[in-house]
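Participant: okay, predicted coordinates and the sequence, questions at the end:
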Amino acid sequence: SWTTGNVIEEQVAAIRAQVGGKRAICGLSGGVDSAVAAALVQKAIGSQLTCVYVDHGLMRKGETEQVEKDFVAATGANLKVVDAQERFLDALAGVSDPETKRKIIGREFIRVFEQAQLEILQEEGPEVAFLVQGTLYPDIVESGGGTGTANIKSHHNVGGLPDDIEFELVEPLRQLFKDEVRMVGQELGLPEEIVQRQPFPGPGLGIRIVGEVTKDRLDLLREADAIAREELTAAGLDREIWQCPVVLLADVRSVGVQGDGRTYGHPIVLRPVSSEDAMTADWSRLPYEVLAKISTRITNEVADVNRVVLDVTSKPPGTIEWE
Ligand code: XMP
């Protein structure tokens, strides 16, 4: 019968059989899937695993620390953190178009990750033969039934290496659904904040700033987002809403008043949605008191924000994210 204990036991045995005495690399995104996949592999092969986290500077408040401190404390994994914040900011400078931003972020991510893989290979030698991926069962079904090397989200060929060096994939979550992955993660002792994390896009806050992405704008949005998340959690609404993007309209300004002065600041958009699978969504009917608290706090605590607006559009026609 299906128990998380059985799943863990089976997968640990399978990973040991597959990897043997060799070494593996796992990219962490801050999300549930990669964290649980890494924790399983860590349990199976311990220090033969090296995890890599690319800090692109587009994460929300506290998320990088969750990986660097809490994930490592829970699993004991070797973690290589690559601070690529400057590089991503440079690459995104002057860019406002959503698709261009996505392409740049994706491209830079692969480059930085491949560079990290190369360094690990150089340090640890040719025994590094495996790449861990947090592929879930629905990912495989959606892509038409992958074979273990076909269905991957990032490249498994490492740039700058001889052609004959290719990683074999380890995909310990291939048979699991999302809720099962969360249960396995919990059983493995991963922090609640990681295991219960709501969906968050790979390009991160980069696609929640409508306009050019800059350090100041990211810092501002991080503060506003942290307040919204804090209040939604305090109100016990985390399970009720699917996710709540917080968006900065960086190119829009409106007039406001504070004390005896006129302000001319940016609006923040709250986009709370309910959904089953993100394909369609409805806007969440959040209690007015919660919205009021979030609005008051954001306008009081975040400099340059003088208005909070609520997105009341379903999907379709609106998407969940603004970009
Ligand atoms: P949209 O905006 O298309 O989003 O309604 C649907 C779901 O997908 C998430 N999302 C992404 N996730 N990489 C991701 O990993 C992305 O580029 C990306 N774009 C959107 C979004 O947060 C929502 O849950």
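Facilitator: Yep, it's here.
Participant: verify the stated contact: Glu203 with Ile105.
Facilitator: No, residue 203 isn't Glu; it's Pro. Yes: the pair Pro203 and Ile105 qualifies as a contact (C-beta atoms under 8 Å) at a distance of 4.4 Å. (Glycine included, C-beta is placed from N, CA and C.)
Participant: overlap in contacts of these two?
Facilitator: In terms of C-beta atoms under 8 Å, 6 or more residues apart in numbering, Pro203 and Ile105 are both contacted by the residues Leu58.
Participant: mind jotting down where the strands sit in this structure?
Facilitator: Here the chain has its strands, by DSSP state E, at 23-28, 49-55, 78-83, 128-132, 168-170, 209-210, 246-249, 254-258, 261-270, 273-274, 282-283, 305-310.
Participant: how about the second one: buried residues?
Facilitator: Taking 16 or more other C-beta atoms under 10 Å as the neighbour-count basis, strand 49-55 is seen to contain the buried residues Leu49, Thr50, Cys51, Val52, Tyr53, Val54, Asp55.
Participant: go through the residues you listed and say which is closest to the ligand.
Facilitator: Val54 (14.1 Å; C-beta to the nearest ligand atom).
Participant: now for the closest one: which residues touch it?
Facilitator: The contact partners of Val54, taken as C-beta under 8 Å, 6+ apart, are Gly27, Val82, Ala84, Phe109, Val112, Phe113, Ala116.
Participant: make it 6 Å
Facilitator: Val82, Ala84, Val112, Phe113 (C-beta atoms under 6 Å, 6 or more residues apart in numbering).
Participant: go ahead and confirm the second one touches Arg111.
Facilitator: Pointing back at Ala84 there. No: here Ala84 does not reach Arg111: they are 9.0 Å apart, not a contact under C-beta atoms under 6 Å.
Participant: tell me which stretches of the stretch 201-323 of the chain form helices.
Facilitator: Taking DSSP state H, counting those that start in this stretch, the helices of the stretch 201-323 of the chain run over residues 215-234, 288-301.
Participant: of all the contacts of Val54, which comes closest to the ligand?
Facilitator: Nearest member of those to the ligand, counting by C-beta to the nearest ligand atom, is Phe113, at 14.9 Å.
Participant: per-residue confidence for the nearest residue to Leu248 once chain neighbours are set aside?
Facilitator: Nearest residue to Leu248, sequence neighbours excluded (C-beta to C-beta, 6 or more residues apart in numbering): Leu221, at 4.5 Å. The model reports Leu221 with a pLDDT of 98.
Participant: sorry, back to before: of all the strands of the chain, which one comes closest to Ala292?
Facilitator: strand 305-310 (9.6 Å; C-beta to C-beta).
Participant: for the closest one, packing partners?
Facilitator: Strand 305-310 sits against strand 261-270, helix 288-301, with contacts defined as 3 or more C-beta pairs under 6 Å, 6 or more residues apart in numbering; DSSP states H and E.
Participant: buried residues in that strand?
Facilitator: Val305, Asn306, Arg307, Val308.
Participant: now do stretch 220-231
Facilitator: Neighbour-count burial for stretch 220-231 [16+ other C-beta under 10 Å]: Leu220, Leu221, Arg222, Glu223, Ala224, Asp225, Ala226, Ile227, Ala228, Arg229, Glu231.
Participant: from these, which is closest to Gly185?
Facilitator: Arg229 (19.6 Å).
Participant: distance check, the closest one against Ile15.
Facilitator: 34 Å (C-beta to C-beta, to the nearest Å).
Participant: and Asp282, by the same measure?
Facilitator: Where Ile15 is concerned, Asp282 sits at a distance of 40 Å (C-beta to C-beta).
Participant: for the two, indicate the residue with more neighbours.
Facilitator: Between Asp282 and Ile15, Ile15 has the larger neighbour count (other C-beta atoms under 10 Å), namely 24 against 13.
Participant: least trustworthy helix or strand in the protein by mean pLDDT?
Facilitator: Across the helices and strands of the chain, mean confidence by mean pLDDT, DSSP states H and E is lowest for helix 137-142: a mean of 87.
Participant: quick one: contacts for the closest residue to the ligand within the stretch 51-200 of the chain?
Facilitator: Among the residues of the stretch 51-200 of the chain, Pro199 lies nearest to the ligand; the distance is 3.7 Å by C-beta to the nearest ligand atom. Shown in contact with Pro199 (C-beta under 6 Å, 6+ apart): Gln243.
Participant: go again using 8 Å as the cut-off
Facilitator: For Pro199, the contact set (C-beta under 8 Å, 6+ apart) comprises Trp242, Gln243, Ala278.
Participant: the residues you listed: which ones sit near the ligand?
Facilitator: Gln243, Ala278 (C-beta under 6 Å from any ligand atom).
Participant: please state the offset of stretch 8-18 from the chain centre?
Facilitator: For stretch 8-18, the separation from the chain centroid amounts to 26 Å (computed by C-alpha atoms, centre = their mean, to the nearest Å).
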